[in-house]
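Undergrad: Model the structure of this input:
(one chain, ligands or ions: 2)
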Amino acid sequence: MDKSAVKLAPSILAADFARLGEQVAEAERCGADRIHVDVMDGHFVPNISFGAVIIQSLRPATRLPLESHLMISNPDFFLEQFIEAGADSVLVHWEGNNNLHRTLHRIKALGKRAGLVINPATPAAVLEEILQDVEQVLVMTVNPGFGQQHFLNTTLPKIRRVRQMIEQINPGCDLEVDGGIDAATAPLVVASGANVLVAGSAVFGESEGVAAAIGRLRTAVDGLSHLTTNNSEERTLQ
Ligand code: DX5
Ligand code: ZN
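TA: Ligands and ions are numbered 1, 2, ... in the order given. Now for the predicted structure:
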């Protein structure tokens, strides 16, 4: 099984901001597939991080796609700003958005990949009528707002359910997971159907450095792929 079927998206939230360009370049050299940029406004989540200027600074520093995870109220006000700064995909939350279809189609009309994020308490069922309109679903495996939280095991059945829905409705759609992903939890989410893993502290927070950290994550999912469970009994029983 091709291990590259599982993509790694290091989250810069856990990076050393004084060496951000260097750390992102190192992640690229070590085989990261995209860079995940967590944007928090202190309203939608109880924490503040950074805005589009970070994307603008990183754009010339890497050839990897930059995905912006918008944990902000009223994302519609900021879509152009993030896209002009160089974001390749924009991920918006289902929660708190009364005009989700419009938001996602504006992202697509601006020529970028549209992603939809659901929090741990939000059921997979909310995706049913909108899944055909997105390139990516992000299932939060912690409550958004902070890095270094414990992975919520209760999200695993939901990941399996979302994978089933994707296979039925939009097979090309990525299924990404975010929060508490490390070498122990990565195999669980991949076996449940995830094909893109966000990891912050498990990439940039490891004392032995980014290369060793990415190597450990790759080893953990080596030989696994969400595709391996496509026809399994486990999959059909979920
Ligand atoms: C949480 C963010 C995550 C966070 C993950 O709100 O969306 O992307 O950076 O951090 P770790 O990998 O440390 O859980
Ligand atoms: Zn994130």
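
Undergrad: tell me the phi and psi of the residue in the chain that ligand 2 sits nearest to?
TA: Taking C-beta to the ion, ligand 2 has its nearest neighbour within the chain at His69, 3.8 Å off. The way it works is simple: take the backbone N, C-alpha and C, and place the C-beta from them, glycine included. Main-chain torsions, His69, degrees, to the nearest 10: phi -100, psi 100.

Undergrad: mind listing the strands for the protein?
TA: Here the chain has its strands, by DSSP state E, at 7-10, 35-40, 66-71, 89-93, 113-118, 136-140, 174-178, 196-199.

Undergrad: mind listing what the closest residue to Asn143 other than its chain neighbours touches?
TA: Closest residue to Asn143 apart from its sequence neighbours, by C-beta to C-beta, 6 or more residues apart in numbering: Pro120 at 5.9 Å. Counting by C-beta atoms under 8 Å, 6 or more residues apart in numbering, Pro120 touches 140-143, 152, 154-155.

Undergrad: Could you give me the buried positions within stretch 94-109?
TA: Buried positions in stretch 94-109, judged by neighbour count with 16 or more other C-beta atoms under 10 Å: 95, 97, 100, 103-104, 106-107.

Undergrad: which pair in those residues spans the largest distance?
TA: The two members of the buried residues of stretch 94-109 with the most space between them (C-beta to C-beta) are Glu95 and Arg106, at 18.2 Å.

Undergrad: Now do the end-to-end distance for stretch 166-184.
TA: The first residue of stretch 166-184 is 25 Å away from its last residue (C-alpha to C-alpha, to the nearest Å).

Undergrad: List the buried residues of it.
TA: Residues of stretch 166-184 classed as buried: 166, 170, 173-183 (neighbour count, 16+ other C-beta under 10 Å).

Undergrad: before we move on, back to that, just the pLDDT for the residue nearest to Asn143.
TA: For Pro120, the pLDDT comes out at 98.

Undergrad: cool, and Thr228?
TA: Reading off the model, Thr228 has pLDDT 48.

Undergrad: With adjacent residues omitted, what lies nearest to Val39?
TA: Of all residues not flanking Val39 in the chain, Leu70 sits nearest, at 5.1 Å (C-beta to C-beta, 6+ apart).

Undergrad: Same question for Ile55.
TA: Nearest to Ile55 is Ala85, by C-beta to C-beta, 6+ apart, at 4.0 Å.

Undergrad: who in the protein is up against ligand 1?
TA: Residues of the chain lying near ligand 1 by C-beta under 6 Å from any ligand atom: 11, 13-14, 36, 38, 69, 142, 144-149, 178-181, 198-202.

Undergrad: just the buried members of the residues you listed?
TA: Buried among the residues of the chain next to ligand 1 by 16+ other C-beta under 10 Å: 11, 13-14, 36, 38, 69, 142, 144-147, 178-181, 198-202.

Undergrad: follow-up on the earlier one: what's the neighbour count on the residue nearest to Val39?
TA: The local packing of Leu70 (other C-beta atoms under 10 Å) involves 25 other residues.

Undergrad: now the contacts of Pro120 in JSON lines, with pLDDT?
TA: Formatted as JSON lines, the contacts of Pro120 follow (pLDDT from 0 to 100):
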{"residue": "Met140", "pLDDT": "99"}
{"residue": "Thr141", "pLDDT": "99"}
{"residue": "Val142", "pLDDT": "98"}
{"residue": "Asn143", "pLDDT": "98"}
{"residue": "Leu152", "pLDDT": "98"}
{"residue": "Thr154", "pLDDT": "97"}
{"residue": "Thr155", "pLDDT": "98"}
